[in-house]
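In: Next comes the sequence, and after it the predicted model I'd like to discuss.
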Number of protein chains: 2
Amino acid sequence: MRKYHAKKMDKKAIYPYQPWKITEEEFLLHNNHHNESIFSLGNGYMGLRGTVEEDYPGSEETTTPGFYINGVYASEKIIYGEEAPDLPGWGQTLVNLADWSEINLYINEEKLDLLKGHVLDYKRELDMKQAILKRELAWEDRQGRQIKIEIQRLISLSREHIGAVRYKFKPLNFSGKININSAVNGDVRNHHHLRDKEALNVTDSEIDTYKGYLLHEVKSTKFKIAYFVEHLLDSSLKKNCEIKKRSSDKRVDWIFEINARKGSEYIIDKIAGINHSSMKEESPLSAARASAARASISGFETLKQEQMEFMSGYWQDVDVKIDGDEALQQAFRFNAFHILQSAGKNGRTSVAAKGLSGEYYEGHYFWDTESYVLPFYAFQRPEVARNLLIYRYNTLDKARKNAKKMKLKGALFPWRTINGEEASGFFMGSTVQYHINADIAYAVNLYYQTSRDQEFMENYGLEILIETARMWLSLGNYISFCDSRFCFNVVCGPDEYKPGVNNNAYTNFMAKFNIEKAAEMAEKIKKQSPEKFQKIAEKINFKIDEIDEMKKTAADIYLPYNEKTKITPQDDSFLYKNHVEIDDIPEEELPLVKNWHPLIIWRYQVIKQADVILLMLQLGNKFSRDLKIRNYDYYEPKTTHDSSLSPAIYSIIASEIGYKKQAYKYFMQTARLDLDDYNENAYQGLHIACMGGTWLALVQGFAGMRMFNDKLYFYPYLPDEWEKYKFRLRFKGSQIEVTVKKEKVNYFLISGNKVEFKHFDENIYLDKNNLSREVKIKKLLDANT
Amino acid sequence: MRKYHAKKMDKKAIYPYQPWKITEEEFLLHNNHHNESIFSLGNGYMGLRGTVEEDYPGSEETTTPGFYINGVYASEKIIYGEEAPDLPGWGQTLVNLADWSEINLYINEEKLDLLKGHVLDYKRELDMKQAILKRELAWEDRQGRQIKIEIQRLISLSREHIGAVRYKFKPLNFSGKININSAVNGDVRNHHHLRDKEALNVTDSEIDTYKGYLLHEVKSTKFKIAYFVEHLLDSSLKKNCEIKKRSSDKRVDWIFEINARKGSEYIIDKIAGINHSSMKEESPLSAARASAARASISGFETLKQEQMEFMSGYWQDVDVKIDGDEALQQAFRFNAFHILQSAGKNGRTSVAAKGLSGEYYEGHYFWDTESYVLPFYAFQRPEVARNLLIYRYNTLDKARKNAKKMKLKGALFPWRTINGEEASGFFMGSTVQYHINADIAYAVNLYYQTSRDQEFMENYGLEILIETARMWLSLGNYISFCDSRFCFNVVCGPDEYKPGVNNNAYTNFMAKFNIEKAAEMAEKIKKQSPEKFQKIAEKINFKIDEIDEMKKTAADIYLPYNEKTKITPQDDSFLYKNHVEIDDIPEEELPLVKNWHPLIIWRYQVIKQADVILLMLQLGNKFSRDLKIRNYDYYEPKTTHDSSLSPAIYSIIASEIGYKKQAYKYFMQTARLDLDDYNENAYQGLHIACMGGTWLALVQGFAGMRMFNDKLYFYPYLPDEWEKYKFRLRFKGSQIEVTVKKEKVNYFLISGNKVEFKHFDENIYLDKNNLSREVKIKKLLDANT
């Protein structure tokens, strides 16, 4: 382990370790930016950053307010330093939409402002069991008037178009006028990426006593967004309250003027129905109005109740229990909570790199979804995994067009996208990563193997497998200089520090897998459902000969191995690059991607993120343990982990080869990345793939779970630092619970008829008569600790 | 030869073949755009496209008016699709400046417009002997009034700040009012590249009876440009003329209202003094005023006389005579004329890719100058070659900063620049071409060897050699996997279709040359001028040890050679790329750079321009004839010549290895590229490097001239298609004339005391007693015809 990694781990915790909560105990401006991400709420459809309800009193550098709808983007022409043919013409940028949560409170014209007067008491708490964000504070204004405020906020997980705020306040030592100014603020802009700061038009608004709406249109893409807001006032409040309305070009405001009585508690519930429609569809206003009306009839307490019920079911499936490490226990729940909030579940959206918690990466979907998030769902909430793949299926036509642009056959999925078109302005960091095709095919296979969802494979999966495989067949060539093997030139593996290389090992092996799976599945469905097969074959003009061609090509693919070093070379040129000691690089020059010109980085044997090492995981059955050790020993010292996608994978392989100390350290680096803000950039938004990686590092790392050729394997062990851990998995319709202790593991069938798997070399079979098995952990050779 | 090349040669000539002239015989809108480039005038300081004096009546797509001052640019922030550290922040774009040549003529309010009324007679003629552009036309307006007009235009070659127009007219069949409206039109904009269409401010203007000025400022860079114009009217005109003045925000206008008499001839001479100053300097107005005043006192006839005298001297040095091919004779003069017009000669400017004849490539200087244009000057007008190198010397500090950015030592010259800073927004097409350092060092050595200019080497050359060499030492590394040779990774040779490769052969050999020359020259000057050496060493902190280090490193550089194919591989990965038959590529997909995504191009064994083949020329003494043949046979079928820099070099090597037919065809493809508009893009501006290449193809190709290790060689032959050709060269203070006939060559000492060289393996010595030698041409083995 290098010093660089150790260093980051020194940071002290920002929040107390609590099993189910994240708590902010003091309002500090310098923590605000980070908190906005940590306390963001979402439901996969929409997301709201943890910006405070009242006007934020700090400087612009410490805040990025944000409300987003997954997949709602603006588009601008990409400007290139130098033009080239067929480069993507238009970008896609997730739009920062109206702030419908804004509420300001005035005591006799004096506005609640935590930097003025005195904050007597303060606590903000994200309750992950209930999916509620709660803020309690007591504040004294400059005239000595004290007020207690409690705000609860939720984005409904059961009603995707509903957000709500409960605003409760009580004058502690005075009676008098209190104004509550509640707004839908459409005067917003993107803080990053968009050159046009006026991406949105308010096209309509209306305001009534308690209700009203605002209608936004994204100028460039014609997305229409409706925010319909209702206020629910308790009856005592209604009596003591005069309501004023204000509406301008860009916002609607309700001012509730209240004659408040000392010691009385008042509650205003604000319910927002939020819908959008795309270009050709009708206005989303009536849908938003209906959503809001239904939710208002239900009321805030019901919405809260629904949240709890939803979460209870969720935690049943995904909760990981770790005995002996509170910090980790908290982190696992925090990560699972945000993975839930980030994932589009409607087959038209996916998981953005930052989820719905920030503008960075423009709300784009990357391979992160399939390689880091989808396994989490495939083994725990398969229906979400399915919908993430349906999203890709729905963009297949655009991927076909993308392939055509590149003079390739089949389909080439975009490296970064929202609408299915490539949105990157730098092809050396995007299009060159053809491996995304194989990553998606790998995920199709993973979902199919865990779920046995035949209907999916027949209607969606096979078509994706064939079209992605066709791309590889047209990309590669038989190269006489390379023993006439089938090679892939000018590609880039997961390690973005080496773009444009020949025969990246990850790419070649994964392409082979992709092609083999396409051929295998085509044969299988042809046999099992000939009519279905016929339909697909006609649709995509698939000839039976292609199956043989695929098999032959897959068999001929060049699989890099270097005899001299006895390792898997990352690509043809990697071993010929300059050596650099990463420990000798001054800390301020890391991450390299932010500090070195690309041409410098590319010259060195320096790796951004797991590449060959990721291959050791994904296709681990193709590599001997010894080769994995040699590869790890070779690549680990060369890896900066400048991507948050890296440490989890190193942790998994370290676990497999018995490097337990390294496994644990890399795991710790990934588990609390955002909570402890190791990279000092969580304010930009959360690292969702890293959160998925943490789960992988536990389940595939410590518990050694693998799935190859339709079989499930476990090679579990307990890190020395813990007492016990436990998690649940779904597999072929059953759910099992795995509890790992020091010497023993318990496998328990939670639901379903039966399940079969291997524990080390032992076959385990659970069914209704054998619900539970306790087995001993076999000791793996500790190659190094 | 491939069909593609043959095809282009089918185009029929646009202008009649005339030895000293380019003549347009009819005013045709569809030729106008091309004519604007062909008829552009310049003197290295400024350039004026061949736009007509009157308002152009055609559509926007057929015209790009332009007046430029070499090195006067605007700057804009470069926008990147994806940011990365240390990328160039600001672009540089040659500014299209005021049109001071505008003159409109009205017959009784009816404006001269060649699309209205009738053109009775028309001829435009570029006279290359006199450096004058003349247009004669007779026009009948819609009322039947006929007028004869003759316009002469020049950009003074002896007075760099002077341009002039003589406007002569004669009413043929009427007497009446004729208005001449002469302007300085500051309402101009760049037609390409600049996003800001308002790059210029008019900061001041003044207008008097015959004189006046306009002052421009480039908003972004604060360049100030003064245009001071005087009108000279003959006395009869003065008497019959009323003068009105008009001045607005953006332009000044003189209206000469003339009571013209049928059959009388009237002349208005318009003299413009044009100066500029940069940020910190004083206004250029007084200089422009003084230039204009002096030129006006001299008068148009004197300016014309000076032009002729200047050109007479120029042609004495550079004229190439070809008997037996009128088209080529014309082309050689046309090319030499534009090379003259394009080259900055003041040590602060250089030669833009398009000279001063268009906006394309933003007026940037590339390696074109040193590798394609500088030899022309070094052997014919050495003082210009010297100043082109002084320009580089003057930007050495910026090149040092550029190296630092790239974590390199010494200096790294920018790939494209005006002010010495890198101006490219795509590093895979710029910074990666480190070879520009070696190209400049090569040019330093070339100029030194031809001129023996010791003062230059001591004061400028050595510092350039050392600083460029230092860059190579820090860029390369000893690579154990490559037999522990010193390698250069992630570079790009002249072939821009293969960027980011390892050990590009051209780069490695040229870097070795660069380093060796630095060490050699440092030792030499240390011995010859120890004080001078001491001064330089102190200035750049050069330690004596560095000489040995340079020698050792140069000796250790990996020099690519492939044992299997027995060729020089273009780079480590070239032989491993996919094969493509260029003849199979549909014609509409060429040039590839305009039609294929870069990632496609990079995958194939397809070459944009001479790379290994250029190396065979520059360091031809390092390669056997057999290897040259094998390399040519290997690379020629893989080269698209999508760059105009390519055919000339292939022609030279084809000549050397006896492929005479190919040599001739490639030569023909390069010689009249712009005149015949093979690439259909001459309207964008002229291909200056290609023009230099044509001269190289004759002198180094057919005449087989080489200069290695201070010695001059000739291996001449006469193409079958010609009767004779003759050219002059300067070498070490002497000038010789070489006349090549079918069987014999005559070498004649024109000036200087003596000259020594080799004709094939024969030593030739000329001095005052042996002014001339006639020798037989030895027959080289015709490897292939």
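Out: Looks like it came in fine.
In: So, low pLDDT: which residues of the stretch 1-150 of chain A?
Out: Along the stretch 1-150 of chain A, the parts satisfying pLDDT under 70 run over A:1-11.
In: try it again with 80
Out: Within the stretch 1-150 of chain A, the stretches with pLDDT under 80 are A:1-12.
In: before we move on, what about the stretch 201-350 of chain A?
Out: A:279-281.
In: All the strands of it, residue numbers only.
Out: Along the stretch 201-350 of chain A, counting by DSSP state E, counting those that start in this stretch, strands occupy A:211-218, A:224-233, A:241-247, A:251-260, A:266-277, A:321-323.
In: List just the one of the ones you listed that sits closest to residue B:439.
Out: With CB to CB as the measure, strand A:211-218 is the member of the strands of the stretch 201-350 of chain A nearest residue B:439 (49.5 Å). For glycine as for every other residue, the C-beta is placed from the backbone atoms N, C-alpha and C.
In: Other residues contacting that closest one?
Out: Contact with strand A:211-218 is made by A:72-74, A:95, A:97-98, A:184, A:186, A:199-206, A:223-231, A:245, A:247, A:251-252, A:254, A:283, A:285, A:288-289, A:292, as judged by CB atoms under 8 Å, 6 or more residues apart in numbering or on different chains.
In: Out of the strands of the stretch 201-350 of chain A, which is closest to residue A:440?
Out: Nearest to residue A:440, of all these, is strand A:266-277, at 26.2 Å by CB to CB.
In: coming back round to it: in TSV, list the strands of the stretch 201-350 of chain A along with mean neighbour count.
Out: TSV is the format used below for the strands of the stretch 201-350 of chain A (neighbours: other CB atoms under 10 Å in any protein chain shown):
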stretch	mean neighbour count
strand A:211-218	22
strand A:224-233	24
strand A:241-247	14
strand A:251-260	21
strand A:266-277	24
strand A:321-323	18
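In: closest one to residue B:704 among the ones you listed?
Out: Across these, residue B:704 has its closest neighbour in strand A:211-218 (66.7 Å, CB to CB).
In: Could you tell me the angle between that closest one and strand A:224-233?
Out: Angle, strand A:211-218 to strand A:224-233, by axes from the mean of the first three to the mean of the last three CA atoms, to 10 degrees: 160 degrees.
In: and residue A:434, that one's in a helix?
Out: No. Applying DSSP: H, G, I helix; E, B strand; the rest coil, one finds residue A:434 to be coil, outside a helix.
In: Just give the nearest non-adjacent residue to it, would you?
Out: residue A:491 (5.4 Å; CB to CB, 6 or more residues apart in numbering or on different chains).
In: Which residues are in contact with the one you found?
Out: Neighbour list for residue A:491: A:432, A:433, A:434, A:435, A:475, A:500, A:501, A:502, A:503, A:504, A:507 [criterion: CB under 8 Å, 6+ apart].
In: Could you dump the residues you listed into a markdown table and include pLDDT and neighbour count?
Out: What follows is the contacts of residue A:491, written out as a markdown table (pLDDT from 0 to 100; neighbours: other CB atoms under 10 Å in any protein chain shown):
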| residue | pLDDT | neighbour count |
| --- | --- | --- |
| A:432 | 98 | 23 |
| A:433 | 98 | 26 |
| A:434 | 98 | 27 |
| A:435 | 98 | 28 |
| A:475 | 98 | 27 |
| A:500 | 97 | 25 |
| A:501 | 98 | 25 |
| A:502 | 98 | 23 |
| A:503 | 98 | 27 |
| A:504 | 98 | 34 |
| A:507 | 98 | 29 |
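In: Quick check: residues of the stretch 1-150 of chain A near chain B?
Out: Counting by CB under 8 Å from any CB of the partner chain, the residues of the stretch 1-150 of chain A close to chain B are A:78, A:79, A:80, A:81, A:82, A:84, A:85, A:86, A:87, A:91.
In: if you set the cut-off to 10 Å instead, what comes out?
Out: Contact residues (CB under 10 Å from any CB of the partner chain) of the stretch 1-150 of chain A with chain B: A:78, A:79, A:80, A:81, A:82, A:83, A:84, A:85, A:86, A:87, A:88, A:91.
In: What does the first one show for phi and psi?
Out: According to degrees, to the nearest 10, the main-chain angles of residue A:78 amount to phi -80, psi 130.
In: just the third one next, same as before
Out: With angles defined as degrees, to the nearest 10, residue A:80 sits at phi -110, psi 140.
In: Tell me if I'm right that it and residue A:87 touch.
Out: Yes. With contact defined as CB atoms under 10 Å, residue A:80 reaches residue A:87; the gap is 6.3 Å.
In: and for the two, which residues touch both?
Out: Residues touching both residue A:80 and residue A:87 (CB atoms under 10 Å, 6 or more residues apart in numbering or on different chains): A:425, A:426, B:81.
In: Tell me how many other residues crowd the first one.
Out: For residue A:425, the neighbour count with other CB atoms under 10 Å in any protein chain shown is 22.
In: need the contact list for it.
Out: Residue A:425 neighbours (CB under 10 Å, 6+ apart): A:78-81, A:87-91, A:416, B:79-83.
In: And residue A:716, by the same measure?
Out: A:655, A:699, A:701-705, A:725, A:738-741, A:744-745, A:747, A:759-760, A:775, A:777-778.
In: Look up the pLDDT of it for me, please.
Out: Residue A:716 carries a pLDDT score of 97 in this model.
In: any chance you could read off phi and psi for it?
Out: Residue torsions, per degrees, to the nearest 10, at residue A:716 are phi -80, psi 160.
In: Same check on residue A:504?
Out: Dihedral pair for residue A:504: phi -60, psi 130, per degrees, to the nearest 10.
In: Any idea how many residues pack against the nearest residue to it once chain neighbours are set aside?
Out: With CB to CB, 6+ apart as the criterion, residue A:504 has its nearest non-adjacent residue at 3.8 Å, and that residue is residue A:493. The local packing of residue A:493 (other CB under 10 Å) involves 31 other residues.
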